[in-house]
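# model the structure of this input:
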Amino acid sequence: IVDQDTVQDPVQFVIGMLAALTGAALWINAANILRAPISTTHAIIGGIVGVAVFAIGVDAVVWPEISLITLGWFLSPMASAGAAVLIFAFIRSELLGVQNKVRAARTWIPILIAAMAALFTLFLIAKGLANVWTPTTPILTTAVLGAFIAALVISGPYIRRSSMGLANRNQTVQALFRVPLIVAGGFLAFSHGANDIANIAGPVTAILHVQQTSDLSLSLDIPIWVFVLGALGLSCGLLFFSSGMVKVVATRITKINPVRAYAIAMATASTVTAASWIGLPVSTTQIAVGAIFGIGIYRE
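As a prediction, the model looks like this:
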């Protein structure tokens, strides 16, 4: 984001990073009060850019990188919206729009659950665990195929048992998606947290390192307590202040039911994974909201 060769003063660096963190924190909390779903990643990036321009000048910013990030702001929500519409349209056609909905559910829902398990396995490895483990292609392929087969073997009998005696209507299909979606939500939250912790741990570790050593090379190891601090902050924010934002995302954009939520989760995971693969910095929040908008536009 900032050309390291332009940063020469350790004291200025520490003050600048503190200012960027403070600015991002104030903006994110203001957005929470206004119930506006924004990207914490983009907030801290904006704070760092603002400090660099003010303290050093516009030449200090690596503008090609900022251009790539800005491109991701526009392309990734549009891509997730398109993916969510395609997935939802398929479910409408093959499950909700057929005569025998129970039979279609027994055929397609295990396959959809297996696809979700495979995609989230890929998502977890590519996005959530990218900072601690980079597997080889054979290992990654085996893990994804293993998740698909295991989910298919487990979900097939589960869906058959759960659908016995249920009426042939759309509510039956919705009900059969509920438990798999709880698991998918957990996977998505895990990867989101594993990625967004960098917004806290990176600047804090850089400040501590430069303050202690005056070394601006920033080849550093992150202390465990910094991760714990970030995890506690994320957890407390979720526990005490997230209900309003959850209501906005769940009800204010468009009405979400289990089938639509499945399309949103799959679209979010696939878009974020694809962006990670090509090296495009994106916001999971914006991608999820883009998928919700896509479903709303398709419905209404």
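
# quick check: closest non-adjacent residue to S163.
Nearest non-adjacent residue to S163, counting by CB to CB, 6 or more residues apart in numbering: V102, 5.3 Å away. To be clear about C-beta, it is placed using only N, CA and C from the backbone, and glycine gets the same treatment.

# same question, F120
With CB to CB, 6+ apart as the criterion, F120 has its nearest non-adjacent residue at 4.2 Å, and that residue is F187.

# any idea of the pLDDT on that neighbour?
On the pLDDT scale, F187 is placed at 76.

# and what of Y262?
With respect to pLDDT, Y262 has a value of 89.

# with adjacent residues omitted, what lies nearest to it?
Spatial nearest neighbour of Y262, chain neighbours left out: F177 (5.4 Å); criterion: CB to CB, 6+ apart.

# just checking, the one you found touches P258?
Yes - counting by CB atoms under 8 Å, F177 sits close enough to P258 to count as a contact (3.8 Å).

# these two - which one has more neighbours?
More neighbours surround F177 than the other of F177 and P258, with 24 against 17 (other CB atoms under 10 Å).

# what kind of secondary structure is I38 in?
Classification of I38 using DSSP: H, G, I helix; E, B strand; the rest coil returns coil.

# contacts only, for it.
Neighbouring residues of I38 by CB atoms under 8 Å, 6 or more residues apart in numbering: 27-28, 31, 285.

# closest to V7 out of the residues you listed?
Nearest to V7 among the contacts of I38 is W27, at 23.0 Å by CB to CB.

# OK, contacts around that closest one?
Applying CB under 8 Å, 6+ apart, the residues contacting W27 are 38, 43, 46-47.

# in helices, which of the residues you listed appear?
Judged by DSSP state H, helices contain the following of the contacts of W27: 43, 46-47.

# elements contacting the lengthiest helix in the chain?
Secondary structure assigned by DSSP H gives helix 63-91 as the longest helix of the chain. When contacts are defined as 3 or more CB pairs under 8 Å, 6 or more residues apart in numbering; DSSP states H and E, helix 63-91 packs onto helix 40-55, helix 258-278, helix 284-299.

# any idea how far that helix is from the middle of the chain?
Centroid separation for helix 63-91 versus its chain: 12 Å, with CA atoms, centre = their mean, to the nearest Å.

# do stretch 256-271 as well
Relative to the centre of its chain, stretch 256-271 is centred 12 Å away, using CA atoms, centre = their mean.

# can you tell me the closest non-neighbouring residue to G294?
Nearest non-adjacent residue to G294, counting by CB to CB, 6+ apart: A81, 2.9 Å away.

# C-alpha coordinates for the helix or strand T121 falls within, CSV please?
In this structure, T121 sits in helix 101-123 according to DSSP states H and E. What follows is helix 101-123, C-alpha atoms only, in CSV (Å, rounded to 0.1, in the frame of the first residue of the first chain):
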residue,chain,number,x,y,z
LYS,A,101,-40.7,-31.7,-4.7
VAL,A,102,-39.8,-34.3,-2.1
ARG,A,103,-38.3,-36.7,-4.7
ALA,A,104,-36.4,-33.7,-6.2
ALA,A,105,-35.1,-32.8,-2.7
ARG,A,106,-33.9,-36.3,-2.0
THR,A,107,-32.0,-36.2,-5.3
TRP,A,108,-30.6,-32.7,-5.4
ILE,A,109,-30.1,-31.6,-1.8
PRO,A,110,-27.4,-34.1,-1.0
ILE,A,111,-25.6,-33.1,-4.1
LEU,A,112,-25.9,-29.4,-3.2
ILE,A,113,-24.8,-30.1,0.3
ALA,A,114,-21.8,-32.0,-1.0
ALA,A,115,-20.9,-29.2,-3.4
MET,A,116,-21.1,-26.8,-0.5
ALA,A,117,-18.8,-28.9,1.6
ALA,A,118,-16.3,-29.2,-1.2
LEU,A,119,-16.4,-25.5,-1.9
PHE,A,120,-16.1,-24.5,1.8
THR,A,121,-13.1,-26.9,2.2
LEU,A,122,-11.5,-25.1,-0.7
PHE,A,123,-12.5,-21.8,0.8
